[in-house]
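>>> Show me the folded form of this:
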Amino acid sequence: MQTGAERAQKEEAHLYLEKFQKSQEAWTITFEIMQSGGVDVAAKLFAATTLKGKIVYDLHQVPRSQLTTLRDSIMNNLLTFHAGPKPIRLQLCVCLANLAIQMLEWKGVLQFIVSTLGSDPATLPCVLDFLRVLPEEVTHGRKINLTESELSIRTQELLQDNAQQATALLIQYSQSSPSAARNPQLLNCITSWMREVPLNDIVASPLLKVIIEGLSVDEPFEAAVECLCSLIAETKDVDEYKSVISILYPQVIALQPKLAEYAQEEDAEKYKGISRIFAEAGESWVLLIARMPTDFRPLVQAVLESAALDEQRDAISHTFKFWYDLKQYLTLEKYMQARMQFVDIYSRLVDIMIGHLQFPTPESGDEKDLFEGDREQEEKFREFRHQMGDVLKDCCEVMGVTECLQKPYDLIQAWVQTSGPRAGPGRVPDWQKLEAPLFSLRAMGRMVPPDENIMLPRLIPLIVQIPDHYKVRFQAVMALGRYTEWTAEHPDTLQPQLDFIMAAFAHEDKEVVRAAALSFKFFCNDCASLLTNYVDPLQLFYVAKLEGLPPNSREELTDGVASVLAKVPADQVYAKLKMYCDPLMQSIVNMANQANDDVSKKLLADRINLLTIFIEWVKPHVGPKEENPAVKYCQEIFPILGNLVSHFWDCVPVLERVCRCWRFMILSYRTAMTPLLPELATKLTQGFAVSKQGCFLWATASIVREFSRGIDDVGDGVTNSVFQFYEEQAKTFLRVMTDRQPEEEPDLIEDFYRLASEMVLYYPSEAITSTLMESVLIAACRLLAILKEEPILAILHFLRDLLGYGRDMAPSSSFDTNRQEVPVVLQNRIKQLINGAGLELVQRIMTGMMYSFPGNCFPDGSGVLLELFELMPQQVAVWVQQTVGMLPPGSITPQESERFLNNIRQRIESGEIRMIRTILQDFTNSYRRRNVAPREGLGRLEASRFRFSG
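A predicted model of the protein is given here:
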């Protein structure tokens with residue numbers, strides 16, 4: 001495992017060690033390693049860690065009669081490592097704690113540890129480590145193989161029954177010497193036992209003094225901060241802990257002078273620690289702050305000061321949640337009085353946040369590198385800026401929008417008066433003081449209502465006249481883009497803003513150009529009705545600027561003009577669509593003729609996507625018997641798109657973009673696309689057969705939805721053709737998966753089973769009775785062996801939808817609450833399918849839940865098993881028993897297996913079928929924890945290869 005070894009050697013060593021950790025021999029070898037004098041510390045730590053895993057997961061390998069010997073061996077090793085290394089000592093204490101949880105016959109655990117190790121000062125660190133880890137390990141005891149009842153009883157014995165003794169031990173130790181009171185281990189123990197000991201007992205004891213005094217000493221400072229924060233957090237139920245809070249509050253407020261002290265000393269770590277305490281107190285006691293604003297105002301001021309003095313912006317993030325939480329209360333009518341008392345605090349907070357938003361001024365004077373090479377600091381600053389923007393939104397809700405907007409307005413005016421006269425072409429002095437308020441305006445934009453008529457009429461004219469510095473121009477353009485809904489209600493301000501943004505397309509800085517494209521999109525989207533008379537000039541602008549933009553900006557520009565085009569009258573749609581899209585189609589043809597490498601093909605795909613944006617937006621309202629002008633244009637361009645699929649059958653980006661375009665034709669124009677349906681179905685079938693790409697299935701699914709039975713204007717002839725179309729796609733998919741491994745086609749598997757789900761929901765009778773369904777179901781079982789989340793979820797969703805038709809009421813394919821009864825013939829067909837594939841299906845899902853499924857797949861996996869149990873409980877119970885019987889020897893004890901199967905039988909007999917889902921989840925979760933990776937002997941549960949001969 002050394003770093004210089006080859007990758008293959010490391011992997012081989014890793015697998016060997018993984019196997020070793022689960023072996024029977026590991027019990028003796030780990031102790032031999034720890035007791036050997038010729039082994040290095042790293043190997044001994046590995047041995048201690050391995051021993052911990054053995055106790056947690058494999059204690060069933062040790063006869064109960066030998067558990068006392070195991071305990072004594074751990075104690076002996078703990079004596080050996082009492083002076084360290086600390087990680088080994090800590091791991092051994094974890095071993096002892098987990099053994100104590102499971103060794104139910106071991107009574108008086110804490111007394112035993114104290115009497116054995118507590119009399120010698122040299123071994124006291126072992127006692128403190130054990131005290132620290134015991135509550136943590138018991139709390140996380142669900143990884144231990146105990147029943148809920150056993151774990152509950154053991155928790156009572158180890159924690160609640162020992163709480164007073166633990167407190168007394170900690171007090172006794174803290175008073176034994178000055179150094180003991182400053183020991184971080186002591187503070188860690190207090191933190192660990194905090195949920196087990198009544199808080200009143202802690203704050204009324206000498207331990208509170210230990211915690212507070214620890215904040216004034218270097219060594220225990222970090223542990224003291226953690227301890228006090230944990231103590232404060234436990235008092236969030238302010239009504240229950242009023243007496244505790246009354247003791248803690250003065251102690252917390254007394255820390256405020258330390259903020260200025262540590263800021264002056266530039267001690268960042270201690271400043272962060274104290275700031276964190278104030279933030280934690282604010283969050284925990286926020287309800288009291290709202291109820292008693294006068295009494296708790298000093299705390300709010302302390303949090304504000306921690307934000308104000310944080311020049312390095314290291315601690316300010318601790319305060320963000322507090323300001324949000326307090327805002328949530330202050331904006332309630334009930335706490336209006338408190339809101340009035342804190343308006344001045346939030347007003348000051350706006351000033352502080354805008355001040356922190358300023359970019360630094362580099363000592364070198366190089367404005368191209370504002371952070372002087374510190375990329376980490378630059379990234380942190382950018383991230384914090386947006387978080388601070390969220391705080392400004394909170395301020396808007398408390399103070400009111402107008403008052404908040406006044407702040408940046410005043411700062412911009414101040415800059416104009418002080419630095420404006422010195423500004424000139426290429427020179428903007430103190431631009432940071434101008435850019436920060438512009439950013440704050442951008443951040444607050446979402447909070448400003450369209451009817452704000454005080455500040456924005458003064459701000460907008462100011463913004464469009466700001467001098468041309470690239471960062472200032474960027475923020476000005478972005479800020480205007482946040483107020484487009486307001487502009488739509490104030491059309492007199494539209495022209496100067498649009499001129500300002502359109503001029504930015506010619507800016508030399510690429511970021512400014514990108515900002516211009518994004519803001520232009522927002523302006524067109526929100527002000528489209530005001531721009532319909534400018535469709536022709538906008539087309540000229542679109543053609544002129546499109547080629548010079550990066551791909552994302554091209555899409556944004558297109559999105560903008562398309563949203564305006566969507567507002568033109570229906571009788572003008574065809575002509576205007578041709579005016580905008582014909583040049584696009586011509587450029588697509590030209591690019592296709594020259595696309596001979598990956599780069600040019602990717603550019604072609606991006607250009608096709610621009611066409612799709614027009615189809616997404618332009619949806620003219622026409623009568624049921626009238627020709628849709630947009631469909632008329634789609635008919636004109638369809639042959640070109642079809643030729644692209646034929647020519648670029650091996651280029652995934654092009655195929656995906658064409659299929660996306662076809663899909664949106666269906667989604668936008670729905671049954672009006674009926675004239676194009678035969679050609680479209682043919683192209684999708686041929687394209688999938690040749691390319692084997694899932695995008696054709698994705699487009700197929702949109703047809704299935706929009707042309708299903710019961711939709712107006714969709715006749716039986718059309719629906720029959722759609723089902724035949726699906727069957728052709730399904731046959732192609734099944735042939736493909738016969739030749740390929742699941743890992744090679746995760747996206748294709750996902751796309752097909754999403755399509756299959758749509759078929760089951762929209763064409764249930766045809767899909768379920770189809771002779772293909774057996775093959776589709778068997779394929780689903782075997783493809784569950786794939787290790788990727790998305791295809792597994794698609795298969796599980798398909799299975800849940802399919803099995804839903806085995807019950808009386810059909811699963812709904814929409815939000816319609818009028819669910820339909822399932823014909824008996826379909827219910828019987830589902831049970832026939834289950835009889836044929838049920839055993840393999842149960843094996844694959846249980847194996848996935850125990851070994852290979854990603855965490856997000858568990859609910860749906862157990863959901864499928866529940867559906868099976870509800871339909872055929874006795875038979876499925878037999879299949880589960882067979883599956884459990886195939887698990888590798890030693891991975892589960894006979895007692896555990898029998899208990900699991902008995903629980904299922906009992907639920908079936910009592911009719912509590914839904915409870916079986918919890919039993920399955922608990923069993924598979926427990927098994928998975930103990931067998932993190934597949935062990936030897938899994939072979940019989942591995943999925944067999946899927947083959948289709950149709």
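>>> Where does pLDDT dip in the stretch 201-350 of the chain?
For the stretch 201-350 of the chain, no stretch has pLDDT under 70.
>>> Check which residues of the helix or strand encompassing residue 53 are buried.
Residue 53 is part of helix 41-57, with elements assigned from DSSP states H and E. In terms of neighbour count (16 or more other CB atoms under 10 Å), helix 41-57 has its buried residues at 44-57. C-beta here means a position set from N, CA and C on the backbone, and glycine is covered the same way.
>>> next one: stretch 873-890
Applying 16+ other CB under 10 Å to stretch 873-890 flags 873, 875, 876, 877, 879, 880, 883, 884, 887, 890 as buried.
>>> min pLDDT across the buried residues of helix 41-57, which one?
Lowest pLDDT among the buried residues of helix 41-57: residue 57, with 83.
>>> where's that one relative to residue 63, distance?
Going from residue 57 to residue 63 by CB to CB, to the nearest Å gives 17 Å.
>>> just residue 18 next, same as before
25 Å.
>>> ok, now residue 165?
Relative to residue 63, and taking CB to CB, residue 165 is found at 31 Å.
>>> Between these two, which is the more surrounded one?
Ranked by neighbour count (other CB atoms under 10 Å), residue 165 and residue 63 place residue 165 first, with 12 against 9.
>>> name the helices or strands packed onto the helix or strand where the more buried one lies?
Assigning secondary structure by DSSP H and E places residue 165 in helix 163-174. The contact analysis (3 or more CB pairs under 8 Å, 6 or more residues apart in numbering; DSSP states H and E) places helix 163-174 against helix 109-117, helix 124-139, helix 178-181, helix 184-193, helix 199-203, helix 206-214.
>>> Could you pull up the residues touching residue 29?
Each residue near residue 29 by CB atoms under 8 Å, 6 or more residues apart in numbering is listed here: 20, 47.
>>> and the helix or strand encompassing it, how far from the chain's centre?
Using DSSP H and E, residue 29 sits within helix 26-35. Chain-centre distance of helix 26-35: 41 Å, with CA atoms, centre = their mean, to the nearest Å.
>>> cool, and stretch 146-157?
Counting by CA atoms, centre = their mean, stretch 146-157 is centred 33 Å from the centre of its parent chain.
>>> what does stretch 417-435 give?
Relative to its chain's centre, stretch 417-435 lies at 42 Å (CA atoms, centre = their mean).
>>> First-to-last residue distance for it?
End-to-end distance for stretch 417-435, by CA to CA, to the nearest Å: 15 Å.
>>> Likewise for stretch 768-787?
The straight-line separation of the ends of stretch 768-787 (CA to CA) is 28 Å.
>>> Just the buried residues of it, please?
Buried residues in stretch 768-787 (16+ other CB under 10 Å): 768, 770, 772-773, 775-786.
>>> Just the closest of those residues to residue 915, please.
Nearest to residue 915 out of the buried residues of stretch 768-787 is residue 784 (CB to CB; 24.6 Å).
>>> leaving aside the residues next to it on the chain, what's closest to that closest one?
Nearest residue to residue 784, sequence neighbours excluded (CB to CB, 6 or more residues apart in numbering): residue 844, at 4.4 Å.
>>> got it, and residue 199?
Take residue 199 and drop its neighbours on the chain: the residue closest to it by CB to CB, 6+ apart is residue 244, 4.8 Å away.
>>> hang on, isn't that neighbour packed against residue 235?
Yes. Using CB atoms under 8 Å, residue 244 is in contact with residue 235, at 5.4 Å.
>>> what sits in contact with each of the two?
Taking CB under 8 Å, 6+ apart as the criterion, residue 244 and residue 235 both touch residue 199.
>>> what's the burial count for residue 593?
The local packing of residue 593 (other CB under 10 Å) involves 10 other residues.
>>> With residue 648 as the reference, measure out to it.
For residue 593, the distance to residue 648 (CB to CB) stands at 12 Å.
>>> do the same with residue 231
65 Å.
>>> sorry, back to before: give me the pLDDT for the residue nearest to residue 784.
95.
>>> Settle this for me: it is touching residue 786, isn't it.
No. Using CB under 8 Å, residue 844 is not in contact with residue 786; the gap is 10.7 Å.
>>> Mutual contacts of the two, please.
Counting by CB under 8 Å, 6+ apart, residue 844 and residue 786 have no contacts in common.
>>> Where do the domain boundaries of the chain fall?
Domain assignment for the chain by the TED database gives 17-234, 740-939.
>>> can I get those in JSON lines with distance to residue 538?
Listed next are these as JSON lines, based on distance: least, CB to CB, whole Å:
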{"stretch": "domain 17-234", "distance to residue 538": "56"}
{"stretch": "domain 740-939", "distance to residue 538": "37"}
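>>> roughly how far apart are residue 39 and residue 846?
41 Å.
>>> Show me which of those two is the more surrounded one.
residue 846 (25 against 14).
>>> which element is that one on?
Counting by DSSP H and E, residue 846 is part of helix 824-847.
>>> Give me the below-cutoff pLDDT ranges for this protein.
For the chain, applying pLDDT under 70 flags the ranges 1-5, 7, 10, 14, 141-143, 364-366, 710-714, 812-819, 932-950.
>>> residues in contact with the residue nearest the centre of the chain?
Among the residues of the chain, the one closest to the centroid is residue 856, at 11.4 Å (CA atoms, centre = their mean). Shown in contact with residue 856 (CB under 8 Å, 6+ apart): 789, 793.
>>> and it, that's in a helix?
Yes. According to DSSP: H, G, I helix; E, B strand; the rest coil, residue 856 belongs to a helix.
>>> Would you quantify the distance from it to residue 793?
From residue 856 across to residue 793, the span is 7 Å (CB to CB).
>>> can you check residue 565 too?
37 Å.
>>> Between those two, tell me which one has more neighbours.
Neighbours were counted for residue 565 and for residue 793 using other CB under 10 Å; residue 565 has more, 25 against 20.
>>> and that one, how far is that from residue 181?
Residue 565 is 75 Å from residue 181, by CB to CB.
>>> Kindly report the same for residue 768.
Counting by CB to CB, the gap from residue 768 to residue 181 is 74 Å.
>>> Ok, residue 311 next?
For residue 311, the distance to residue 181 - CB to CB - is 34 Å.
>>> cool, and residue 121?
15 Å.
>>> Also residue 398?
Counting by CB to CB - residue 398 and residue 181 are separated by 43 Å.
>>> swap in residue 607?
Residue 607 is 72 Å from residue 181, by CB to CB.
>>> got it, and residue 206?
Distance from residue 206 to residue 181, by CB to CB: 9 Å.
>>> Same drill for these two, tell me which one is more crowded.
The neighbour comparison of residue 206 against residue 181 (other CB under 10 Å) goes to residue 181, with 20 against 13.
>>> That one reaches residue 172, doesn't it?
No. Counting by CB under 8 Å, residue 181 does not reach residue 172; the two are 11.6 Å apart.
>>> Give the closest residue to residue 308 in space, chain neighbours not counted.
residue 352 (4.9 Å).
>>> so which strand or helix has that neighbour?
Secondary structure (DSSP H and E) places residue 352 in helix 336-356.
>>> got the buried residues for that helix?
Neighbour-count burial for helix 336-356 flags 338-339, 342, 345-350, 352-354, 356 (criterion: 16+ other CB under 10 Å).
>>> now the very next helix or strand once past that helix, how far from the chain's geometric center?
Next in sequence after helix 336-356, counting helices and strands by DSSP H and E, comes helix 375-399. Helix 375-399 sits 20 Å away from the centroid of its parent chain (CA atoms, centre = their mean).
>>> One more: stretch 820-831?
Computed by CA atoms, centre = their mean, the chain-centroid distance of stretch 820-831 equals 39 Å.
>>> Residue 71 versus residue 161, what's the distance?
Distance from residue 161 to residue 71, by CB to CB: 19 Å.
>>> again, but for residue 605
As for residue 605, its distance to residue 71 is 66 Å (criterion: CB to CB).
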